[in-house]
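>>> what would the 3D arrangement of this be:
(one chain, ligands or ions: 2)
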Amino acid sequence: MELWPGAWTALLQLLLLLLSTLWFCSSSAKYFFKMAFYNGWILFLAILAIPVCAVRGRNVENMKILRLLLLHVKYLYGIRVEVRGAHHFPPTQPYVVVSNHQSSLDLLGMMEVLPDRCVPIAKRELLWAGSAGLACWLAGIIFIDRKRTGDAISVMSEVAQTLLTQDVRVWVFPEGTRNHNGSMLPFKRGAFHLAVQAQVPIIPIVMSSYQDFYSKKERRFTSPGRCQVRVLPPVSTEGLTPDDVPALADSVRHSMLTIFREISTDGLGGGDCLKKPGGAGEARL
Ligand SMILES: CCCCCCCCCCCCCC(=O)SCCNC(=O)CCNC(=O)[C@H](O)C(C)(C)COP(=O)(O)OP(=O)(O)OC[C@H]1O[C@@H](n2cnc3c(N)ncnc32)[C@H](O)[C@@H]1OP(=O)(O)O
Ligand SMILES: CCCCCCCC/C=C\CCCCCCCC(=O)OC[C@@H](O)COP(=O)(O)O
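Ligands and ions are numbered 1, 2, ... in the order given. Below you'll find the model as predicted:
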């Protein structure tokens with residue numbers, strides 16, 4: 001079909017106008033675009049990471065490379081991540097980190113505080129996420145099959161041995177799945193069994209609610225955003241036995257929920273220290 005000169009340019013301009021109108025009018029369009037870019041960018045970063053990580057093979061030291069590659073992502077989204085309590089990380093020994101899990105955006109807060117030789121425990125499905133899966137495997141991320149409780153538990157028991165023999169730390173999301181509802185799901189007990197078996201401390205980490213700038217349910221993702229990542233004091237498991245696990249899990253969840261409500265600015269739980277300019281939340285301790 002013959003078009004008059006300049007028709008293609010006009011069509012292109014019209015398309016751009018339509019797209020930009022959609023962009024400005026629809027916050028859902030922004031949400032989808034931002035999330036698609038987030039996943040796409042991670043897949044791209046993983047492509048960069050793979051050859052560098054492959055030199056060492058599957059090795060927890062590769063986690064440093066993933067961390068370095070991901071640290072800038074918060075700037076792309078205008079998210080300010082404030083870390084408090086990082087001095088609570090024991091300097092040398094192994095431990096189990098437990099943290100709340102709201103969204104895949106947790107990766108940003110996680111990378112901000114991730115200690116050396118610390119690997120997350122992830123669902124097996126992540127292995128099949130293309131380049132990201134391979135990068136995770138090369139970085140020593142531990143995969144569990146959530147559909148096979150017995151297998152997941154035996155992987156956790158092996159991890160307990162690895163913690164001690166290879167001086168590594170693990171990061172577990174004890175809710176076991178992402179939780180978008182602005183609170184915390186009941187905790188699964190794997191992380192606590194693991195810490196008790198290895199007799200290592202638990203380091204609870206709380207990331208404040210994203211509701212101010214991000215909501216999957218409302219398809220909303222605005223800038224700027226703020227998130228506080230609070231590292232709580234270590235909880236000792238010395239002398240505890242498997243019988244103590246339920247009480248241990250409950251008490252850790254209780255203290256995390258209290259802090260979550262305190263530091264979240266979404267109106268659900270206070271967060272006054274973050275709201276006041278120059279308040280305690282401004283400081284990076
Ligand atoms: C640049 C590229 C970058 C790419 C990105 C990089 C970063 C990627 C970051 C990725 C981040 C990804 C993040 C993610 O992917 S999050 C999703 C995956 N993570 C998890 O699910 C971790 C949390 N889950 C658990 O801890 C569960 O308990 C497990 C999975 C272990 C079992 O769950 P399941 O639902 O099947 O069973 P259950 O919990 O009802 O337990 C059944 C019973 O067994 C008991 N029990 C449990 N454990 C042990 C044990 N060790 N020894 C002895 N007993 C144990 C337990 O107390 C219970 O008994 P009782 O208490 O009822 O009597
Ligand atoms: C050739 C195959 C291409 C596959 C493309 C897959 C697209 C995925 C793109 C990028 C991967 C980003 C990795 C981000 C990791 C975020 C970790 C995360 O949040 O996992 C969720 C898990 O905690 C709980 O899962 P559920 O809430 O139970 O569900």
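>>> switch to C-alpha atoms for all contacts and neighbour counts from now on
Noted.
>>> A helix includes Gly150, no?
Yes: using DSSP: H, G, I helix; E, B strand; the rest coil, the assignment for Gly150 is a helix.
>>> tally of neighbours for it?
Burial measure for Gly150: 11 neighbouring residues, criterion other Cα atoms under 10 Å.
>>> show me what contacts Ser209?
Shown in contact with Ser209 (Cα atoms under 8 Å, 6 or more residues apart in numbering): Gln102, Gly182, Cys227, Phe260, Ile263, Ser264, Thr265, Asp266.
>>> right, and the fourth one touches Pro204 too?
No: counting by Cα atoms under 8 Å, Pro204 is not a contact partner of Phe260; they are 11.3 Å apart.
>>> who's more crowded, these two?
Regarding Phe260 and Pro204, a neighbour count based on other Cα under 10 Å identifies Phe260 as having more, with 27 against 24.
>>> ok, the more buried one to Leu248 distance?
Phe260 is 18 Å from Leu248, where distance means Cα to Cα, to the nearest Å.
>>> likewise for Ala29?
Noted for Ala29: a distance of 43 Å to Leu248, by Cα to Cα.
>>> same deal with His193?
Taking Cα to Cα as the measure, His193 falls 10 Å from Leu248.
>>> which one's more surrounded, the two?
His193 (25 against 21).
>>> okay, that one: pLDDT?
Listed pLDDT for His193 reads 96.
>>> do the same with Leu108
pLDDT, the model's per-residue confidence, is 97 for Leu108.
>>> next: Thr149.
According to the model's per-residue confidence, Thr149 sits at a pLDDT of 95.
>>> that one: neighbour count?
Burial measure for Thr149: 11 neighbouring residues, criterion other Cα under 10 Å.
>>> check Met184 too.
Neighbour count of Met184, defined by other Cα under 10 Å: 19.
>>> then Arg220?
19.
>>> quick revisit: filter the contacts of Ser209 down to the ones close to ligand 1.
With Cα under 6 Å from any ligand atom as the criterion, no member of those is in contact with ligand 1.
>>> backbone torsions only: list them for the residue lying closest to Gly78 once chain neighbours are set aside.
In space, and not counting its chain neighbours, Gly78 is closest to Pro224: 4.7 Å by Cα to Cα, 6 or more residues apart in numbering. With angles defined as degrees, to the nearest 10, Pro224 sits at phi -80, psi 170.
>>> read off the pLDDT value for Pro224.
Model confidence at Pro224 (pLDDT) stands at 94.
>>> that one and Arg124, how far apart?
Spatial separation of Pro224 from Arg124 under the definition Cα to Cα is 33 Å.
>>> what residues does the stretch 51-200 of the chain put near ligand 2?
Along the stretch 51-200 of the chain, the residues adjacent to ligand 2 under the rule Cα under 6 Å from any ligand atom are Ser103, Ser104, Ala129, Gly130, Ala132, Thr177, Arg178.
>>> just the buried ones among those, please.
By neighbour count, with 16 or more other Cα atoms under 10 Å, those hold Ala132 as buried.
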